[in-house]
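# Need a 3D model of the sequence below.
(chains A and B, ligands or ions: 2)
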Amino acid sequence: MESDTSEAKKAEPGSALRRNFLRAIGAGVACAGVWMNDPLQAAPPAAEAAPPDIPGYDWRKHKWAFGVDATRCIGCLRCVEACKAENGVTQDAHHFRTWVERYVYLEGDEHARVDSQSDPGNIAASDSQQAFRFDNRYASAPVEKAFFVPKLCNHCTHPACVQVCPTGATYQTPDGVVLIDHSYCIGCQYCVQACPYGAREFNHAMGVTDKCTWCYHRITKGLQPACVEVCPVEARVFGDRNDPDSPISRFIRNNRVSVLKPQTGNAPNVFYAGIDKEVS
Amino acid sequence: MIGTMAQAAPYVGYVYPNETDIPWSVLIVIYPYITGLVAGAFIVSSLYHVFGMERFKTVARFALLTAVSFMFFVPVPLLFHLGNPQRAFNAVLTPHWTSAMSAFSYVAGFYICLLLLEIWFAFRADIVSLAKTKGGLLGRAYRILTLGSDDVSGKALAIDHKFAFALAVIGIPAAGGLHGYVGFLFGSLKSREWWSSDLMPIIFLLSAVVSGIGLLVVLYVAYSKFRKAALDDACLQGLAKTMWAFLTVVLLIEGLELLEMFYKSLEGIEMVQRLIEGPIRYGMFLQWGLSLMVFATLSYLILTHASGRALVTGMFASGIGMMLGVLAMRWNVVIGGQELSKTMKGLLIYYPEILGHEGLLAVLFIFLCPFIVLWLVTRFLPPWESKARKEVSS
Ligand code: SF4
Ligand code: SF4
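Ligands and ions are numbered 1, 2, ... in the order given. So this is what the prediction gives:
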């Protein structure tokens, strides 16, 4: 767990941003007034913050985004396990940075039957809260339509979590990632409440909130997020929207994409292809 | 603080995997509850200090002490709940102003200062007289508390009165703000269907006043029995009417809100209905049952111009009823909101821990503290009309 914090600290520019906060306080209340003036700009003007100390990485030059092709996902859950291993996520069935939902319509069903890898039946199937699998409950059922939907933090353009964080521990970076400074978070969980997508979870061992970072420590070194890396069917797509030839730019261009719960105004940056009306 | 997760919440339907770890425990139920009691008690004192309603004079100063004793403990459940309480000051040092929560320490701090100041002015004459009569350590404490001003001439007292009045005037919007703010903390979250309502601050505020008056009635009756002092009928009748008026509006707004919700029947309304019939059914039963019973009792007391024993009994029961009813309402909002899954496809069930720093025992302990403090404070600064006070003021 400890190594996780320090690793995250290396990659995440939290301390730099905080110095900026302190400077802002020093500069007086005027600064607060500026933040209040633009209700949609939930985060303080991050572009002014000192860039993170990552060799060869300039966070002003990227605009990261994520794609999910639900028509490809086979529900193998390698992504979920890879994420937990990569990021030291609590090893149980109640804390995830990413998860997969299964939607099944049996003949005549009006609404989908939904479950995730955390469902007690699925936990029983793997007999473990560390290795995950979907059980075979529909093996002999008259399935009419079924698909899997991977979920993760949407790194929203207008993140509700950043808006409500009382300390600024949760912040948005200029490259479009929403991060948490674990050394500054007080563990109030207001952000957990505010996220409409259930993307945040609480790390009880550290007393802080945690969530997907799109593997910020990897992407800033030119690597893919762990879940994208391990997906055997390329259901997960990641890249830089500033680059028209990146996988994500092509994904958004070549598919009719949608986002989850657009009515919240959060403006997610995870784009979905192949989901249907029941998915939210 | 190193913690472990409380029991994972069982659920029906589909909920997001992370939701089984319920974020806000029963501690966050008593946070708005205690704040509400403060606001209510303060309003009663203002009815005398600002609106000059003489009948509330008997309890006005006691109400102030009640408000401050409870106010001291408003931040405690919040601190107990934090994952890293030692960092709580981060929110004070680098407040992130788009967050409603970042203003908490400022709002609460301002309000405590205001209360302390108003109490000082309201009690200054007593403090001066006590400083003169008491010896030893206690006498010294009183002498320090006079802050070097021992002038109790008519002119000086008139100035005291002016200040107390001004502070009470500021206090009304402050008390309203303090509690409306708590409602905003919940109502402003678009992620939760059960919270996201424009009416939340109003409902919180009005029910707070009702519960605070309830608390004051209960304490007033209990103290008077303890002191073997006679209860003031006019004061109790006034409290009955005030409580009745606020309760009427609360019932109306809450009722209309539910009606609107079901009339509009937006997507997911079935789950809202199942929430009310399921996880929070006892809470709803208590909230509405007690509110309606108290409403009936108060209506009866007012219509029959009740006095004496009947009035005292009726008001005491109404006070207890409203304290419990509003506590149930806080539970229904805070816990109910989290039991309704953000998927709108499932319901969770929250079981509070008994032990542990977020358990029921901790909550009980936190809630008892203000009563103990109030008892000590009233020993130190007797709020009732005493011989000493009358001598000084004459
Ligand atoms: S999905 Fe939730 S946690 Fe992620 S940025 Fe959006 S509001 Fe914040
Ligand atoms: S839990 Fe941490 S990150 Fe979330 S709102 Fe509170 S201080 Fe901010």
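# Show me what the helix or strand in which B:Ala63 is found is packed against.
Following DSSP states H and E, one finds B:Ala63 within helix B:57-71. Secondary-structure packing of helix B:57-71 (3 or more Cβ pairs under 8 Å, 6 or more residues apart in numbering or on different chains; DSSP states H and E): helix B:27-49, helix B:104-133, helix B:200-227, helix B:233-264, helix B:360-380. Bear in mind the C-beta positions are built from the backbone N, C-alpha and C, glycine included.
# and A:Glu107, how many neighbours?
Neighbour count for A:Glu107, taken as other Cβ atoms under 10 Å in any protein chain shown: 9.
# That one against A:Glu144, yeah?
Yes: applying Cβ atoms under 8 Å as the test, A:Glu107 and A:Glu144 come out as touching, 4.9 Å apart.
# if we can go back for a sec, so can I have a markdown table of the helices and strands packed on helix B:57-71 showing mean pLDDT?
Output for the helices and strands packed on helix B:57-71, formatted as a markdown table (pLDDT from 0 to 100):
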| stretch | mean pLDDT |
| --- | --- |
| helix B:27-49 | 93 |
| helix B:104-133 | 92 |
| helix B:200-227 | 94 |
| helix B:233-264 | 95 |
| helix B:360-380 | 96 |
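# Comparing those, which comes out most buried?
Comparing the helices and strands packed on helix B:57-71 by mean neighbour count (mean count of other Cβ atoms under 10 Å in any protein chain shown), helix B:27-49 ranks first with a mean of 27.
# can I have that helix written out in PDB, keeping just the CAs?
C-alpha atoms of helix B:27-49 as PDB (Å, rounded to 0.1, in the frame of the first residue of the first chain):
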ATOM      1  CA  LEU B  27     -22.300   9.600  12.400                       C
ATOM      2  CA  ILE B  28     -23.400  11.700   9.500                       C
ATOM      3  CA  VAL B  29     -27.000  11.200  10.600                       C
ATOM      4  CA  ILE B  30     -26.400  13.000  13.900                       C
ATOM      5  CA  TYR B  31     -24.300  15.800  12.300                       C
ATOM      6  CA  PRO B  32     -27.300  17.500  10.700                       C
ATOM      7  CA  TYR B  33     -29.400  16.400  13.600                       C
ATOM      8  CA  ILE B  34     -27.300  18.300  16.200                       C
ATOM      9  CA  THR B  35     -26.900  21.300  13.900                       C
ATOM     10  CA  GLY B  36     -30.700  21.400  13.700                       C
ATOM     11  CA  LEU B  37     -31.200  21.400  17.400                       C
ATOM     12  CA  VAL B  38     -28.800  24.400  17.600                       C
ATOM     13  CA  ALA B  39     -30.700  26.300  15.000                       C
ATOM     14  CA  GLY B  40     -34.100  25.600  16.700                       C
ATOM     15  CA  ALA B  41     -33.000  26.500  20.200                       C
ATOM     16  CA  PHE B  42     -31.400  29.700  18.900                       C
ATOM     17  CA  ILE B  43     -34.600  30.700  17.100                       C
ATOM     18  CA  VAL B  44     -36.600  30.500  20.300                       C
ATOM     19  CA  SER B  45     -34.100  32.800  22.100                       C
ATOM     20  CA  SER B  46     -34.400  35.200  19.200                       C
ATOM     21  CA  LEU B  47     -38.200  35.300  19.500                       C
ATOM     22  CA  TYR B  48     -37.500  37.100  22.800                       C
ATOM     23  CA  HIS B  49     -34.400  39.000  22.000                       C
END
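# Mind checking what helix or strand follows the helix holding B:Ala63 in sequence?
Helix B:57-71 is succeeded, C-terminally, by helix B:75-81 (DSSP H and E).
# Kindly present the helices and strands packed on helix B:57-71 as a markdown table, with separate columns for distance to A:Arg133.
Putting the helices and strands packed on helix B:57-71 into a markdown table (distance: least, Cβ to Cβ, whole Å) gives the following:
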| stretch | distance to A:Arg133 |
| --- | --- |
| helix B:27-49 | 36 |
| helix B:104-133 | 44 |
| helix B:200-227 | 42 |
| helix B:233-264 | 40 |
| helix B:360-380 | 38 |
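# For B:Thr58, which of the ones you listed is the nearest?
Taking Cβ to Cβ, helix B:233-264 is the member of the helices and strands packed on helix B:57-71 nearest to B:Thr58, at 4.7 Å.
# Close to chain B: what parts of the stretch 51-200 of chain A are there?
Proximity of the stretch 51-200 of chain A to chain B (Cβ under 8 Å from any Cβ of the partner chain) is limited to residues A:92-96, A:99, A:101, A:114-118, A:151, A:160, A:162-169, A:184-190, A:192-200.
# just checking, which of these belong to helices?
Counting by DSSP state H, those place A:Ala160, A:Val162, A:Gln163, A:Val164, A:Tyr190, A:Val192, A:Gln193, A:Ala194 in helices.
# For burial, what's the neighbour tally of the second one?
With neighbours defined by other Cβ under 10 Å, the count for A:Val162 comes to 26.
# Neighbours of whichever residue of chain B sits closest to chain A, how many?
Closest residue of chain B to chain A, Cβ to the nearest Cβ: B:Gly83 (2.1 Å). Around B:Gly83 there are 21 other residues, counting by other Cβ under 10 Å.
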